[in-house]
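Trainee: how does the following fold in three dimensions:
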Amino acid sequence: MKVKVLTRNPDNYLRETKRDIQKVPRNYDPNLHPFQSSREYVRALNAVKLEKVFAKPFIGNLDGHRDGIFCMAKHPKSLSTIASGSYDGEVRLWNLARKKCVNIVNGHERFVRGLCFNIDGTSLLSVGDDSTIKIWNTEEFETPAHTFISQSVLYGISHKWLDDKVFATCGDSVQLWDVTRSQPTSVLKWGVDSLHHIAFNQVDTHVLASCASDRSIILYDTREVKPMRKVVMKLKSNQLAWNPMEAFNFTVANEDYNCYSYDTRNLKRPVNVHMDHVSAVTCIDYAPTGLEFVTGSYDKSVRIYESTSGHSREIYHTKRMQHLTSVVWSLDNKYVLSASDEMNIRIWKANASEKLGILRPREERAKAYNATLKEKFAAHPQIKRIARHRQIPKHIYHEREQQLESRKKIRRKEENIRRHSKKDTVPFVTEKDKHVIAEVY
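Mentor: Numbers count the residues shown, from 1 in each chain. Sure thing, here's the model as predicted:
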């Protein structure tokens, strides 16, 4: 039998040395590359598709509470530490890196209404339905270091930035406290039955704001003897968050399914209206960059908004997640935490398709190149459709369709009235002007 063997002579296809290989610089003249734009469009399309393939935002959960979680607080110095309080009065400290509970204590007899850390993170402050304020040492978490007794039920607490002694609580009024005194140093009232949320400004540290039961948002200054200004809306605001990069801007989560961004220099109308939720927005928190914020709603979903956009860029949901009660954006701008009624804290990626861990230089260059391409071709119909597409739960989808139909009917009715009325008697009211009743000084 005759066997033939394939052979190749290396001299036919290999050089003896690499010294004669000359580097030829690329000529970027567009006339020499007529299909460059087409190639970039295909690359941008592939980048958007791969972004959807790798979009896996859910990282893990923190399980251990025996009742629904009402509030959370992030540590100002440690990225891996958060605190949570539940309906049964339990307060827990968590380690996010290990996804384990570090400390647990029955802090209050009933509902834990609010939590916050002091400026250096050595103490945790909590308030509850038992009308007490307790200060816990984060190292020795068994017994409270200090206990203050209030004359009324407290619904919220916030610590003053850059001052380790001053904090504020809200209930039937706003009370300013000093950790060295057993009674509040100041009480600020403006004829409101109850205040259910309070927040200090991180930049202008003397300013704080609260959400009241009479549908108003009240601004205070700790150097004044009375509140400064108040804006009244059509429905109640549940929570408020200050923009950490712009001292004069804040955003509120409202019962009318929207969020409203305000400029404190002009409270007559909001700067922006953020839509997309199909039920009451219960909680809100800003990213440390001030460019985005996260919201949680009664419709069992978490949404991420750009501060200048009216619609959400991302929606997170699971089958088991119930009504959202608290959301937190981590200080490294990478993670979002959500707490809900079913006794669970969930950890999400702020960017759903972002790769966790260390990136190699080649990966970083590819990531930057793809981001530039997606921005360049963002307006193209196919890329825009893929980038905007999200899978949403069935109940949110049907509710959104009903609300869109309802808005169309109202808009059509207004147009008919305007068409059959005298000119300029039925003015066109923008969405920003519809929901604000009055601004009071």
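Trainee: do I have it right that Ala241 meets Ala287?
Mentor: No - look at Ala241 against Ala287 with Cβ atoms under 8 Å: they stay out of range, at 10.1 Å. In this view, the C-beta of every residue, glycine as well, is placed from N, C-alpha and C.
Trainee: quick one: low-confidence residue ranges for this structure.
Mentor: Where the chain drops to pLDDT under 70, the residues are 1, 10-11, 13-24.
Trainee: centroid residue for it?
Mentor: Nearest residue to the geometric centre of the chain (Cα atoms, centre = their mean): Val294, 1.8 Å.
Trainee: any idea whether that one is helix, strand or coil?
Mentor: Val294 carries the three-state label strand when classified by DSSP: H, G, I helix; E, B strand; the rest coil.
Trainee: can you tell me how far it is from Ile284?
Mentor: Val294 sits 7 Å away from Ile284, taking Cβ to Cβ, to the nearest Å as the criterion.
Trainee: shared neighbours of the two, anything?
Mentor: Common contacts of Val294 and Ile284 (Cβ atoms under 8 Å, 6 or more residues apart in numbering): Val327.
Trainee: the longest helix along the chain: how far from the chain's middle?
Mentor: Ranked by number of residues, the top helix in the chain under DSSP state H is helix 394-419. Mean-position distance between helix 394-419 and its chain equals 28 Å (Cα atoms, centre = their mean, to the nearest Å).
Trainee: so who does the residue lying closest to Tyr441 once chain neighbours are set aside touch?
Mentor: Spatial nearest neighbour of Tyr441, excluding adjacent residues (Cβ to Cβ, 6 or more residues apart in numbering): Arg229 at 5.7 Å. Arg229 sits next to Ile218, Leu219, Thr264, Leu267, Glu439, Val440, Tyr441 when contact means Cβ under 8 Å, 6+ apart.
Trainee: for Arg229, list each beta-bridge partner.
Mentor: Per DSSP bridges, the residues bridged to Arg229 are Leu219.
Trainee: three-state assignment of Tyr28?
Mentor: Secondary structure, three-state DSSP: Tyr28 is coil.
Trainee: Gln36 versus that one, what's the distance?
Mentor: As judged by Cβ to Cβ, Tyr28 and Gln36 stand 9 Å apart.
Trainee: for Thr205, same thing?
Mentor: Distance of Thr205 to Gln36, given as Cβ to Cβ: 52 Å.
Trainee: could you do Arg26 as well?
Mentor: Arg26 sits 12 Å away from Gln36, going by Cβ to Cβ.
Trainee: looking at those two, which is more packed in?
Mentor: Gln36 (11 against 8; other Cβ atoms under 10 Å).
Trainee: and the more buried one, what is it in contact with?
Mentor: Contacts here follow Cβ under 8 Å, 6+ apart; on that basis Gln36 touches Pro30.
Trainee: please name the residues that touch Gln322.
Mentor: Here Gln322 is in contact with Lys300, Ser340, Asp341, Glu342 (Cβ under 8 Å, 6+ apart).
Trainee: if I pick the first one, what's in contact with it?
Mentor: Lys300 makes contact with His317, Met321, Gln322, His323, Leu324, Ser340, Pro393, His395, Ile396, according to Cβ under 8 Å, 6+ apart.
Trainee: the same query, at a cut-off of 10 Å, please.
Mentor: 278-279, 317-324, 340-342, 393, 395-396 (Cβ atoms under 10 Å, 6 or more residues apart in numbering).
Trainee: that older thread, which residues do Ala241 and Ala287 both contact?
Mentor: Common contacts of Ala241 and Ala287, defined by Cβ under 10 Å, 6+ apart, comprise Phe293, Val294, Trp329.
Trainee: need those residues in CSV with distance to Asp214, can you?
Mentor: Converted to CSV, these look like this (distance: Cβ to Cβ, whole Å):
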residue, distance to Asp214
Phe293, 25
Val294, 27
Trp329, 29
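Trainee: any idea how far His159 is from Asp178?
Mentor: Here the criterion is Cβ to Cβ. By it, His159 lies 12 Å from Asp178.
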